[in-house]
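Sharing a sequence plus its predicted fold:
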Amino acid sequence: MPSEYTQETIARLYRSLYFIRRFEERVAAIYPSDAIKSPVHLSIGQEFISVAVCDILRADDVVSGTYRGHAAYLAKGGDPKAMMAEMYGKATGCSAGRGGSMHLIDANANVMGASAVVGTTIPIAAGYALAMKRRKTDRIVAAFFGDGASEEGCFYETLNFAALHKLPILFVCENNFYAIHEPQSKRWATDRFCERVATFGIETRRITSGDLFELRDAVAGMVEKLRRGEGPALIECHAYRWREHVGPNEDFDQGYRPRAEAERWMEMDQVPHLAAMLPEAERAAIEAEAEAAIDAAVAFAEQSPFPEAEELYRHVFA
Ligand SMILES: Cc1ncc(C[n+]2csc(CCOP(=O)(O)OP(=O)(O)O)c2C)c(N)n1
Ligand SMILES: [Mg+2]
């Protein structure tokens with residue numbers, strides 16, 4: 001960790017990181033009860049990416065997430081109560097109970113939505129960036145996506161368009177080495193992902209350490225340039241998904257990846273790493289505050305009503 005990190009900054013990062021970890025662990029614990037009505041793609045193990053990136057963003061910057069988007073939503077300041085209610089399919093949910101876990105949105109926090117269709121949010125994020133540029137603001141967009149999403153044609157179309165028009169967009173590839181059960185070695189001719197992207201004239205960085213601070217520093221440098229209008233940038237950040245592709249459980253018995261591979265990442269877990277940097281009392285206070293907020297989110301979701309049946313006919317095009 002670089003020495004210029006103050007205790008205040010570390011506390012802020014830990015607050016976000018711990019909250020997301022515990023929120024998702026609660027989701028996993030509730031899931032078998034069937035109270036949560038939507039499939040869940042947990043980001044446990046990968047949260048540090050959203051936390052590091054969103055810590056650099058301003059409130060008026062936009063985040064574009066994916067169906068594995070709990071961390072990005074929460075790290076950007078999305079409302080946890082509305083998120084939990086959405087998972088429960090309740091009318092008070094952030095998508096009015098229509099979308100579930102894969103369609104989180106909080107326009108107040110500039111979390112501009114996600115989609116279950118892999119890759120589709122990438123060009124939409126570039127659209128936001130184009131709007132910001134045309135309005136002559138210095139706002140930026142952070143577009144999160146997986147390594148699998150980078151195989152979609154629209155990813156390369158977007159890279160070209162964003163580079164050509166010098167759009168203020170930070171592409172953040174959360175490279176967890178798998179698309180569902182398919183490892184990268186069976187999908188990519190080479191793993192020189194950043195080199196491929198660089199041919200579009202886009203600055204790239206590859207972070208393989210799993211270190212939140214290294215990532216945050218890299219993002220900070222890139223975001224400064226983005227605000228100056230120097231054009232898009234891309235970060236490929238290695239991370240590991242600890243749980244199954246979709247659902248609350250581990251899946252090391254399914255034969256497509258060994259537990260030992262995960263253990264290397266579990267040892268680098270940033271949650272205890274940051275916890276150990278804080279004075280005991282401050283750490284405990286942050287954790288107690290998070291637990292209370294998660295309890296409140298669950299209570300809100302449980303007590304909220306389901307949508308009325310007539311809701312099915314609202315926002316319907318034809
Ligand atoms: C266009 C499209 N193709 C295929 C799928 C099925 N699918 C759902 S998730 C997924 C894997 C995506 O992997 P990645 O982008 O690496 O994200 P991760 O799940 O690892 O976070 C696939 C192929 C889909 N939802 N949409
Ligand atoms: Mg992946």
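Okay, I see it. Numbering: from 1, shown residues only. Ligands and ions are numbered 1, 2, ... in the order given.

Listing request: residues of this protein with sub-threshold pLDDT.
Counting by pLDDT under 70, the chain has low-confidence residues at 1-3.

What segments of it are helices?
Ranges of helices in the chain, per DSSP state H, are 7-30, 47-56, 70-75, 80-87, 121-134, 153-164, 193-198, 212-227, 259-267, 270-275, 280-303.

For residue 40, which of those helices is the nearest?
Smallest distance to residue 40 across the helices of the chain (CB to CB): 5.7 Å, for helix 7-30. Any C-beta I mention is one placed from the backbone N, CA and C, and that applies to glycine too.

So which residues on the stretch 1-150 of the chain come close to ligand 1?
68, 116-119, 146-149 (CB under 6 Å from any ligand atom).

Spell out which parts of the stretch 51-200 of the chain neighbour ligand 2.
146-148, 176 (CB under 5 Å from the ion).

between the residues you listed, which is nearest residue 283?
The closest of these to residue 283 turns out to be residue 176 (CB to CB; 27.6 Å).

What's the local residue count around the closest one?
Residue 176 is flanked by 23 other residues according to other CB atoms under 10 Å.

isn't residue 66 right up against residue 124?
No - counting by CB atoms under 8 Å, residue 66 stays clear of residue 124, with 11.5 Å between them.

and among the helices of the chain, the most buried is which?
Highest mean neighbour count among those (mean count of other CB atoms under 10 Å): helix 70-75, with a mean of 29.

Pull the distance from that one to the chain's centre.
Between the centre of helix 70-75 and the centre of its host chain there is 5 Å, according to CA atoms, centre = their mean, to the nearest Å.

Show me what it is packed up against.
If contacts are counted by 3 or more CB pairs under 8 Å, 6 or more residues apart in numbering; DSSP states H and E, helix 70-75 sits against helix 7-30, helix 47-56, helix 80-87.

how about those in CSV, adding distance to residue 299?
Shown next, in CSV, are those (distance: least, CB to CB, whole Å):
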stretch, distance to residue 299
helix 7-30, 12
helix 47-56, 23
helix 80-87, 9
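
So which bits of the stretch 151-300 of the chain are right by ligand 1?
176, 178-180, 245.

Just the buried subset of those residues, please.
176, 178-179, 245 (16 or more other CB atoms under 10 Å).

for these, which one is nearest residue 59?
Nearest to residue 59 among those: residue 176, at 28.1 Å, using CB to CB.

how near is residue 93 to residue 183?
From residue 93 across to residue 183, the span is 35 Å (CB to CB, to the nearest Å).

More neighbours: which of these two?
The neighbour count for residue 93 versus residue 183, taken as other CB under 10 Å, is higher for residue 93 (28 against 13).

Quick one: residues contacting that one.
Going by CB atoms under 8 Å, 6 or more residues apart in numbering, residue 93 touches 82-83, 85-87, 99, 301, 304.

now do 6 Å
Residues near residue 93 by CB atoms under 6 Å, 6 or more residues apart in numbering: 85-86.

Over to residue 154?
Listed by CB under 6 Å, 6+ apart, the contact partners of residue 154 are 119, 123.

The same query, at a cut-off of 8 Å, please.
Here residue 154 is in contact with 119-120, 122-123 (CB under 8 Å, 6+ apart).

Could you single out the nearest of the residues you listed to ligand 2?
residue 119 (11.8 Å; CB to the ion).

Find the residue closest to that closest one in space, skipping its chain neighbours.
Leaving out its chain neighbours, the residue that sits closest to residue 119 by CB to CB, 6 or more residues apart in numbering is residue 152, at 3.2 Å.

That neighbour and residue 117 touch, don't they?
No - applying CB under 8 Å, one finds residue 152 not in contact with residue 117, separated by 9.3 Å.

These two: which has the busier surroundings?
residue 152 (17 against 12).

how about the more buried one, phi and psi?
Backbone torsions of residue 152, given as degrees, to the nearest 10, read phi -80, psi 140.

Please work out how many residues are found near residue 140.
Count around residue 140 with other CB under 10 Å applied: 26.

do the same with residue 279
By other CB under 10 Å, 10 other residues sit near residue 279.

Adding distance to residue 238 as columns, could you present the helices of the chain in a markdown table?
Conversion of the helices of the chain to a markdown table gives the following (distance: least, CB to CB, whole Å):
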| stretch | distance to residue 238 |
| --- | --- |
| helix 7-30 | 17 |
| helix 47-56 | 9 |
| helix 70-75 | 15 |
| helix 80-87 | 26 |
| helix 121-134 | 19 |
| helix 153-164 | 18 |
| helix 193-198 | 10 |
| helix 212-227 | 10 |
| helix 259-267 | 9 |
| helix 270-275 | 13 |
| helix 280-303 | 26 |
